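Asks: the following comprises the amino acid sequence and a computationally predicted model.
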Amino acid sequence: MPSNTKTSANKPSWSAVRKQLSQLEKTALLDLVKDLYQTSASNKDFLHVRCLASCGGEAAFESYRQKAIEPFYPKRGEAKLKLGEARKAIRQYRRATGDLPGTAELLMTYVENGVAFTNEYGDIDERFYSSIESALDELADLLREEGVPLYRKFSKRLATVERETDGIGWGFHDYVSDVVSQLASDFGNE
């Protein structure tokens, strides 16, 4: 009797892949990484930022910064508001580098561009505002994790975002104002 349910034995796991990779010669492993590099732009960006952060990391960082801006202000055409792709790129950058100040910069860029977009084009939808709020929350958590020096770097930009959301509906301004005020309180109005 055939079964339609998949068992965990049928699913490849990282342990099985790791076991195979550990048996490869260095050249075979490098060839595999090269194949991954050539397979997609996403893999290429990940490897650039992971491996080249110390030399030329600015260009790799800039490619991620552009991904945070692209849903709102694409280089060509009209905005498609593919917000999930931008958030995915920010998470990928963080995983690849562990660079918390850089991740905070990407999140701030995302929030700033989202606010500019809604101010330019008017009322959007709940999904849009929820995404911006979520990025702001993630930024606030990072700032709390990293402390006063990083907060100081972003405090003026956060205050600007708060001002620029005044009058925006969906409870968006109230939410942004609450997060920015709480951060100021947490850091003693630094």
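Replies: Here it is on my side, so go on. Just so it is clear, the structure is predicted and the values come from calculations on it, not from any experiment.

Asks: now for the helix or strand where Phe154 lies, which elements pack on it?
Replies: Per DSSP states H and E: Phe154 is located in helix 148-164. Using 3 or more CB pairs under 8 Å, 6 or more residues apart in numbering; DSSP states H and E, the elements in contact with helix 148-164 are helix 100-121, helix 126-146, helix 172-186. Using the backbone N, CA and C atoms, a C-beta is placed for each residue, glycine as well.

Asks: tabulate those helices (CSV), appending mean neighbour count and distance to Ser155.
Replies: Formatted as CSV, the helices and strands packed on helix 148-164 follow (neighbours: other CB atoms under 10 Å; distance: least, CB to CB, whole Å):
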stretch, mean neighbour count, distance to Ser155
helix 100-121, 20, 11
helix 126-146, 17, 9
helix 172-186, 16, 7
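
Asks: tabulate the ones you listed (JSON lines), appending mean pLDDT and distance to Lys153.
Replies: Converted to JSON lines, those look like this (pLDDT from 0 to 100; distance: least, CB to CB, whole Å):
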{"stretch": "helix 100-121", "mean pLDDT": "96", "distance to Lys153": "7"}
{"stretch": "helix 126-146", "mean pLDDT": "96", "distance to Lys153": "9"}
{"stretch": "helix 172-186", "mean pLDDT": "97", "distance to Lys153": "12"}
